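1. Fold the stuff below for me.
(one chain, ligands or ions: 2)
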Amino acid sequence: MDSCENENHYGDCNKGDVLKQIEEETEEKEKGASTPSSSMSRSSSRPQLDLSRAAIQGDLEDRNPTILLPNQSDDISHLALDIGGSLIKLVYFSRHEELSVDDKRRKSMKKRFGLSNGNRRSYPILGGRLHFVKFETGKLNECLDFISSKQLHRGGIDSPSWRSAAQPNHNIVMKATGGGAYKFADVLKERLGVSLDKEDEMHCLVAGANFLLKVGVAVSTEQAIRHEAFTHMDGQKEFVQIDQNDLFPYLLVNIGSGVSIIKVDGEGKFERVSGTNVGGGTYWGLGRLLTKCKSFDELLELSQRGDSSNVDMLVGDIYGGMDYSKIGLSASTIASSFGKTISDTKELSDYRPEDLSLSLLRMISYNIGQISYLNALRYGLKKIFFGGFFIRGHAYTMDTISFAVNFWSKGQAQAMFLRHEGFLGALGAFMSYEKHGLDYLRAHQLVERFPMGAPYISWMEKFVQKGTQITAPVPTAAPRTTGLGGFDRPLSRGDILRSDASAALSIGVLHFVPTLEVFPLLEGPKTYEPNTIDLTDPGELEYWLTVLSEHLPDLVDKAVASEGGTDDAKRRGDAFAHAFSAHLARLMEEPAAYGKFGLANLLELREECLREFQFMDAYITIKQRENEASLAVLPDLLMELDSMNEEDRLLALIEGVLAANIFDWGSRACVDLYHKGTIIEIYRMSRKKMQRPWRVDDFDIFKKRMLGSGDEKPNPYKRALLFVDNSGADIVLGMLPLARELLRRGTEVVLVANSLPALNDITANELPEIVAEAAKHCDTIRRAAEAGGLLVDAMVSIQEKGLKNQSPSVSLMIAENGCGSPCIDLRQVSSELAADAKDADLVILEGMGRAIHTNLNARFKCDALKLAMVKNQRLAEKVFNGKIYDCICRFEPRNEPVASTETDSWDN
Ligand SMILES: CC(C)(COP(=O)(O)O)[C@@H](O)C(=O)NCCC(=O)O
Ligand SMILES: [Mn+2]
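-> Numbering: from 1, shown residues only. Ligands and ions are numbered 1, 2, ... in the order given. Take a look at the predicted model:
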């Protein structure tokens with residue numbers, strides 16, 4: 001065979017050829033394929049579908065009637081609208097799709113390996129996403145096009161009912177709130193065939209605010225800390241931890257077109273106590289007339305370059321430049337907004353639009369702040385939360401409101417703002433779907449992984465169109481106040497408006513994920529810091545942002561190829577590149593833009609961003625190619641290992657893991673290497689260079705623990721959790737043989753793999769096939785996999801050889817780790833892994849992402865072995881005082897201080 005795939009050569013052919021070759025070859029084989037010889041199942045008994053109380057909906061004569069699964073929690077997909085005077089806000093839920101990648105190819109691979117799906121549970125279990133989108137009410141048609149293009153009113157493109165429904169359903173009911181729910185009900189019926197189930201606007205606002213403040217949105221790495229409410233004074237934003245037991249009563253001020261002031265006493269307990277007709281619509285409308293601005297954001301941006309003292313009459317203008325200190329007013333205090341425009345000699349055209357916009361903004365913000373304070377005073381309330389789209393994260397607006405509240409209350413009341421300020425009503429309407437009640441949400445949480453103000457991009461088409469216009473969002477800066485009751489104009493120009501892409505694109509996404517757990521074997525979770533590299537060091541941040549930026553073109557190529565290189569994939573690839581570059585640029589400008597941010601978050605951001613653009617597995621082809629090549633040589637490796645004595649074998653196994661960790665498509669240096677040989681050649685080369693001592697070399701301590709010494713008999717581990725890393729040689733020739741050794745020694749093994757793809761990491765979904773293939777060549781693996789429920793029926797050929805009546809084997813199992821990143825934050829693992837960890841007395845972390853970038857300093861309640869090859873020069877120097885391709889074998893016996901032996905690295 002002469003294809004590049006069969007030679008396992010990286011450098012000689014392009015991906016398209018490889019894919020074609022594999023497909024042709026697969027098809028050929030399929031023609032003569034034999035019946036699968038084994039089927040697989042997962043050890044877990046979690047059901048895939050909750051069929052309880054299932055009922056056929058509609059006409060029983062229908063060929064494809066919709067089956068209603070009232071208790072199937074996965075199958076939720078809803079849209080809710082808040083149609084205001086100026087903006088329409090949408091909140092909709094989408095499930096994580098099944099991996100869409102090349103299903104045909106996946107199936108044919110399975111056949112090739114002689115596998116069927118059996119009753120295997122499919123991964124991933126991770127929930128879905130809550131999307132936030134806004135449109136101008138004046139552009140209702142754009143909004144309807146969006147809903148229609150995504151079929152959101154029919155449960156979304158991914159919904160089974162959408163796929164099966166041939167006829168448009170005219171009985172769809174959608175939750176909506178805001179005045180437009182009444183005004184535009186007929187248009188929605190006509191255009192989308194949906195009826196609006198109208199929810200009370202105030203009720204929705206309160207429900208949305210209560211949800212965010214009580215249940216809230218977590219920031220990914222700090223689950224317990226809800227970053228929803230914050231104060232904003234003198235340009236400083238500070239998150240406020242809300243005591244859930246001391247939330248009520250509070251004042252909610254929603255600044256939309258007009259302003260509603262609501263006293264909230266509890267869940268569903270509220271009263272609209274006041275309001276003002278001078279609100280966001282006033283600013284926009286008047287501002288438009290005065291400045292000819294085309295949009296709210298343009299008007300706001302204009303204000304940043306304004307000097308309102310050209311328009312406003314100040315105390316100093318009246319008092320000849322002096323303060324009126326007797327009553328505490330500085331000369332720069334606004335005595336009368338727009339007071340200077342009474343001049344007979346000037347026309348509108350004589351005023352700068354910038355100054356007019358700022359003056360208007362100050363007038364309205366100050367007024368709202370003051371009225372809110374007076375209402376707080378009236379009801380004795382100390383907490384005032386401001387929401388609504390008027391605010392848009394604009395520092396100056398928030399400072400003005402905060403100043404007013406603080407000034408008039410003499411520091412007794414506090415203005416707080418909400419991160420999801422504009423979506424309270426829509427979120428409240430969304431929550432009002434019965435199935436989306438808090439009961440359901442309790443098992444999940446909303447995680448804003450990489451917030452960009454109002455959360456970021458989702459609607460591809462818009463992003464593709466506007467992608468080139470996107471500039472990196474800029475930080476907010478402190479406006480200067482006089483301290484005496486008036487505001488100076490903003491000091492710095494152009495750096496106050498948070499010009500994030502979301503504002504231009506009207507887009508946001510929150511992740512709706514099952515609540516994850518702290519890994520039970522983690523010592524000291526409260527002080528645990530997953531990241532080894534500190535990205536608050538500007539040098540480090542710049543280096544890593546540059547590395548990721550340099551990887552980008554190649555990643556985009558891989559991602560596009562993984563989706564067949566179609567025009568759609570290319571468009572999405574472009575959009576992904578723009579979005580990810582915007583993230584990198586923003587972080588470069590404002591390192592704390594996403595809160596506490598380590599290298600693990602940065603690497604995860606890349607994966608999340610790929611998924612955002614529906615690249616579900618960019619390295620799928622590479623992974624499959626490497627798996628096949630490695631599985632082909634596995635029998636020889638196992639034979640070689642079996643010919644060794646136990647000491648040599650253990651060393652060869654650890655060497656094998658370290659050597660095979662070189663197959664890392666996230667490392668620039670390694671990817672360059674792949675042009676120089678076949679998979680097997682590189683693997684052999686890597687093994688040859690495995691001379692000890694390694695850079696960190698605790699092998700002898702580990703060997704003693706595993707094999708004992710002298711007369712001391714080894715005490716086998718009961719259960720080992722192996723956090724595996726990459727596909728191909730790494731898992732097949734590295735970790736699986738190590739797992740086999742542990743199994744032989746009576747240790748149960750749980751292979752812990754990613755729930756979602758990240759680079760070329762193997763996923764929990766992909767592992768059973770590999771285990772089943774390995775089981776064909778290894779009785780230990782086969783029996784352990786059977787015992788662990790991975791293989792349902794024994795492989796006939798082996799049974800027939802008379803191996804049936806052997807003693808029961810320890811189990812080989814698989815657990816998903818709950819994440820989709822090359823690193824792992826052990827404060828957030830799947831409940832499946834947490835349960836499997838209970839009886840474990842050995843943890844093996846493998847790979848640079850899991851054992852070095854994260855968890856190098858993690859301590860465990862059991863023995864831990866950290867194995868990795870360092871595939872980055874800077875990291876090798878910085879962390880290990882070594883060189884690229886150094887190897888790390890760190891063994892940390894339970895409750896003992898790290899006693900690693902660091903040695904000089906070998907030249908490569
Ligand atoms: C993303 C990775 C952590 C994956 O390494 P692995 O866990 O597979 O060993 C690693 O490839 C990495 O840090 N890459 C970026 C740096 C570079 O290109 O050198
Ligand atoms: Mn990896």
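
2. by contact count, what packs against whichever strand or helix holds A600?
-> Using DSSP states H and E, A600 sits in helix 599-612. Contacts defined by 3 or more Cβ pairs under 8 Å, 6 or more residues apart in numbering; DSSP states H and E place helix 599-612 against helix 538-562, helix 567-589. The C-beta positions use only the backbone N, C-alpha and C, and glycine is treated the same way.

3. Please repeat the previous calculation with a cut-off of 6 Å.
-> helix 567-589 (3 or more Cβ pairs under 6 Å, 6 or more residues apart in numbering; DSSP states H and E).

4. Now the helix it packs on: buried residues?
-> 569, 571-588 (16 or more other Cβ atoms under 10 Å).

5. where's the nearest residue to R782 once chain neighbours are set aside relative to ligand 2, distance?
-> The spatial neighbour of R782 that comes closest, neighbours along the chain excluded (Cβ to Cβ, 6 or more residues apart in numbering), is A775 at 3.8 Å. Applying Cβ to the ion, to the nearest Å, the value for A775 to ligand 2 is 24 Å.

6. next one: G138
-> Computed with Cβ to the ion, the distance linking G138 and ligand 2 is 49 Å.

7. ditto for E712
-> Applying Cβ to the ion to E712 and ligand 2 gives a distance of 36 Å.

8. Over to R783?
-> 29 Å.

9. That residue is in contact with S809, isn't it?
-> Yes. Between R783 and S809 a contact is recorded at 3.8 Å, counting by Cβ atoms under 6 Å.

10. Please give me every residue in contact with K718.
-> Contacts for K718 (Cβ atoms under 6 Å, 6 or more residues apart in numbering) come out as D839, D841.

11. Residue in the stretch 651-800 of the chain with the shortest distance to ligand 1?
-> G666 (2.9 Å; Cβ to the nearest ligand atom).

12. count of residues packed around that residue?
-> 24 (other Cβ atoms under 10 Å).

13. residues contacting it?
-> Neighbouring residues of G666 by Cβ under 6 Å, 6+ apart: L759, P822.

14. ok, now how distant is it from ligand 2?
-> 6 Å.

15. In terms of helices and strands, where is that residue?
-> Applying DSSP H and E, one finds G666 in no helix or strand.

16. Stretch 535-552 near ligand 1 at all?
-> Yes. Stretch 535-552 is in contact with ligand 1 by Cβ under 6 Å from any ligand atom, via V547.

17. follow-up on the earlier one: what about R783 and S809, which has more around it?
-> Comparing R783 with S809 by other Cβ under 10 Å, the one with more neighbours is R783, at 23 against 20.

18. My impression was that the more buried one belongs to a helix - is that right?
-> Yes. Counting by DSSP: H, G, I helix; E, B strand; the rest coil, R783 is part of a helix.

19. Are we agreed that E238 is in a helix?
-> No. Read with three-state DSSP, E238 is strand and lies in no helix.

20. I am assuming it contacts H232, so please confirm or correct that.
-> No. With contact defined as Cβ under 6 Å, E238 does not reach H232; the gap is 7.9 Å.

21. Who has more neighbours out of the two?
-> H232 (25 against 10).

22. where does the more buried one fall, helix, sheet strand or coil?
-> strand.

23. what's the distance between it and G425?
-> 22 Å (Cβ to Cβ, to the nearest Å).

24. G256 now?
-> 8 Å.

25. Please apply the same query to V560.
-> The gap separating V560 from G425 is 39 Å, by Cβ to Cβ.

26. Comparing these two, which residue is more hemmed in?
-> A direct count of neighbours by other Cβ under 10 Å for V560 and G425 places G425 higher, at 34 against 23.

27. quick one, what contacts the more buried one?
-> D82, T177, C204, L205.

28. Also W694?
-> So W694 contacts C887, C889 (Cβ under 6 Å, 6+ apart).

29. Give me the three-state assignment for it.
-> coil.
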